[in-house]
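Peer 1: any chance you can model this:
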Amino acid sequence: MPVDFDREEFRKSLREQFDYLLRNESKQLLQESLNELVKGRLEELAEHELNLLGGESGDEFGNAVEQLARVQMRLSPLDINHRMLVREVLKKEMKKMLRDFVHASIE
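Peer 2: Next comes the predicted model:
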């Protein structure tokens, strides 16, 4: 799927949002990361139980994926929610650090 956008404008917007989030929302992000870690673990347990109950599904998604790959997209910096992108990346990193911290404290 071809995508066209201005990389420099994208990076500039990401940097601005990164600075803002670090100054104003880091505590909230940490709490959300903790909550998502717990939720993610519960989802893993539920998935495991459901797989035991129902077995693996044999659905085929190949045709839909191939059709989606042919769709042409034009993205402008205005189309992208840079703050949400930065928040998600920061939350992933925070969850990874928290997970490592928990594993290290258990050992």
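Peer 1: if you count neighbours, what's buried in the helix or strand containing N35?
Peer 2: Assigned by DSSP states H and E, N35 belongs to helix 26-54. In terms of neighbour count (16 or more other Cβ atoms under 10 Å), helix 26-54 has its buried residues at L29, L30, E32, S33, E36, L37. Every C-beta, even on glycine, is put in place using the N, C-alpha and C of the backbone.
Peer 1: give me the number of residues near the nearest residue to the third one once chain neighbours are set aside?
Peer 2: Spelled out, that is E32. Nearest in space to E32, with sequence neighbours left out and distances taken as Cβ to Cβ, 6 or more residues apart in numbering, is K91 at 6.0 Å. Burial of K91 is recorded as 18 neighbouring residues (other Cβ atoms under 10 Å).
Peer 1: tell me the contacts of K91?
Peer 2: L29, E32, S33, E36 (Cβ atoms under 8 Å, 6 or more residues apart in numbering).
Peer 1: just R83 next, same as before
Peer 2: For R83, the contacting residues are Q17, Y20, L21, by Cβ under 8 Å, 6+ apart.
Peer 1: could you rerun that using 10 Å?
Peer 2: The contact partners of R83, taken as Cβ atoms under 10 Å, 6 or more residues apart in numbering, are S13, L14, E16, Q17, F18, Y20, L21, E25.
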